[in-house]
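Asks: prediction below, plus the sequence it came from.
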Amino acid sequence: MLRSLLLDHIHDPEASWSCGRFGAIAEFHRDPDEQVEISIEPSITAATSRGAIRLDVLPDVRPVAYETITSCIETWGQGVVLCLPQETAAMSGRTVVTELGPDRDAVRPQDRDAILFDVGLGGTQADICVRSDDPETIALLRAACGQPMMQNVALAHRLPALSPHRVFCSRMGRVEVYQPIPAPDGKSPEGPHTHVLPRLLAHGRLNAATVPVPDGWLAGMSLFPAHPLMRSDGERTSFDAARYRAFQALMDRFGDPALVAGKQAAFAGSHEDIADSDERRHAIGFRIGQRQQPWLRSAIAADS
């Protein structure tokens, strides 16, 4: 089932992926008409001129589907976090810049001689790395080895302009980003990109509070299937009932039963007091159901 889930979505250009931790995330997106090379053996990979992803199908991976309340009252968030037991998922935990040598695990063959450096921001579940074959960039990173990245002024100042590849790794794969790093006051580019936010890293969290990672598990990668109201570039679109049904099937199989029950209570017309609910996840599901119900009614009316 896991392999089918990953294969279905690696072929869907409207699906997005991420790897990393709270405050340091690499995202992989691609356009429907963008040239892509997809391989399914031995690992599942997809590569474009802007970035790449590799997914390793491990026997212990546990998909957890979830929905979240967003700031826009007409919509909601959704995703599938890919979890491993803590003892399996743990990465290096490096806290200083460290040279790792040639990146033999790079998705594209032409990148496998470039030098990989862990910049020491990954926490438990991810290694946050950069990769380069540029002598100036390599020299800058070697000079910073053994130091925390955020305390090296020269590295923090010069690295964005040099824009090495960003390579975020977990036990079940990696996301690689080839696009330039935007200026501090710039906007993240469309397609694959990274976010490294010191303010969020300072919280020491591994995941956002809205992501339901089970106790004893870690999540290094996430899948974001096509949303019924949002395109992969974040723009709103008309309600897509087929996308909605597809994700609800994932919720039924991999979601929190309490959240699903809360949604069903909303669909059934329950008037329960959300604030007094005994189960937080049930209450969240109830609120999400309230948001989804008008769209479902409109879809039913359009089909009738």
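Replies: Received the coordinates, thanks. Numbers count the residues shown, from 1 in each chain.
Asks: then stretch 68-82 to PDB, C-alphas only?
Replies: Extracted in PDB, the C-alpha atoms of stretch 68-82 (Å, rounded to 0.1, in the frame of the first residue of the first chain):
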ATOM      1  CA  THR A  68      -5.800  21.200   9.600                       C
ATOM      2  CA  ILE A  69      -7.700  24.400  10.300                       C
ATOM      3  CA  THR A  70      -6.300  27.300   8.300                       C
ATOM      4  CA  SER A  71      -6.600  31.100   8.600                       C
ATOM      5  CA  CYS A  72      -8.900  31.200   5.700                       C
ATOM      6  CA  ILE A  73     -12.400  30.200   7.000                       C
ATOM      7  CA  GLU A  74     -13.400  28.700   3.600                       C
ATOM      8  CA  THR A  75     -10.700  26.200   3.300                       C
ATOM      9  CA  TRP A  76      -8.500  23.800   5.200                       C
ATOM     10  CA  GLY A  77      -5.000  22.200   5.100                       C
ATOM     11  CA  GLN A  78      -4.200  18.500   4.300                       C
ATOM     12  CA  GLY A  79      -1.200  16.300   4.100                       C
ATOM     13  CA  VAL A  80       0.300  12.800   4.800                       C
ATOM     14  CA  VAL A  81       3.300  12.800   7.100                       C
ATOM     15  CA  LEU A  82       5.600   9.800   6.600                       C
END
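Asks: residue contacts, the nearest residue to D31 once chain neighbours are set aside?
Replies: Distance criterion CB to CB, 6 or more residues apart in numbering; nearest residue to D31, sequence neighbours excluded, is P13 at 6.3 Å. Using the backbone N, CA and C atoms, a C-beta is placed for each residue, glycine as well. Counting by CB atoms under 8 Å, 6 or more residues apart in numbering, P13 makes contact with 30-32, 34, 36, 232.
Asks: can you do 7 Å?
Replies: 30-32 (CB atoms under 7 Å, 6 or more residues apart in numbering).
Asks: do the same with G20
Replies: 26, 126, 128, 168.
Asks: dump the residues you listed to JSON lines, plus neighbour count, distance to F117 and secondary structure.
Replies: Shown next, in JSON lines, are the contacts of G20 (neighbours: other CB atoms under 10 Å; distance: CB to CB, whole Å; DSSP: H, G, I helix; E, B strand; the rest coil):
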{"residue": "A26", "neighbour count": "27", "distance to F117": "15", "secondary structure": "strand"}
{"residue": "A126", "neighbour count": "29", "distance to F117": "15", "secondary structure": "coil"}
{"residue": "I128", "neighbour count": "28", "distance to F117": "10", "secondary structure": "strand"}
{"residue": "F168", "neighbour count": "29", "distance to F117": "13", "secondary structure": "strand"}
